[in-house]
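Visitor: A predicted structure for the sequence below; I have some questions about it.
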Amino acid sequence: MKTTLFYGPWQCRREFMNDCQRQCASEGYPLKGCIWLADFKFDWEGSLVLLPIPVTAGSRYGIYHCCCDYPELLPEVTATRRREWERIRTSFRKSWSERFGE
């Protein structure tokens, strides 16, 4: 078994763009873009159990991220969410350090 990792970013394939279009539409937003982050390639060589003939096979798996066009938030909403995130991050770091050390 041989695994190869190719990493981008690259432009998304049409298949990925279609999937992103569906994902954004399901959330009620238009598609802004798509970025293809990495591509895993898996190659396999061996023989079949019943017939002793050599066999090669392979597959690829693309990792991509969809960018939906979300509306801009008002500055007050942004500030509120930022304070909320700061509290969550601080409590997470505290519980992490209690469990695993500083």
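Guide: Cool, the structure landed. Residues are numbered from 1 along each chain as shown.

Visitor: for the lengthiest helix in the chain, give the mean pLDDT please.
Guide: Among the elements of the chain assigned as helix by DSSP state H, the one spanning the most residues is helix 75-100. Here helix 75-100 scores 93 as its mean pLDDT.

Visitor: how about the helix or strand hosting Gln21: buried residues?
Guide: Using DSSP states H and E, Gln21 sits in helix 14-27. Neighbour-count burial for helix 14-27, counted by 16 or more other C-beta atoms under 10 Å, picks out 16-17, 20, 24. C-beta coordinates here come from the backbone N, C-alpha and C atoms, glycine included.

Visitor: pretty sure Thr56 sits in a strand.
Guide: Yes: Thr56 forms part of a strand when assessed by DSSP: H, G, I helix; E, B strand; the rest coil.

Visitor: can you list the domains in the protein?
Guide: Taking automatic domain parsing as the domain assignment, the record places the domains of the chain at 2-71, 72-102.

Visitor: just these: most buried one?
Guide: Scoring the domains of the chain by mean neighbour count under mean count of other C-beta atoms under 10 Å gives domain 2-71 as the most buried, with a mean of 12.

Visitor: and the gap between Pro54 and Lys41?
Guide: Pro54 sits 20 Å away from Lys41 when distances are taken as C-beta to C-beta, to the nearest Å.
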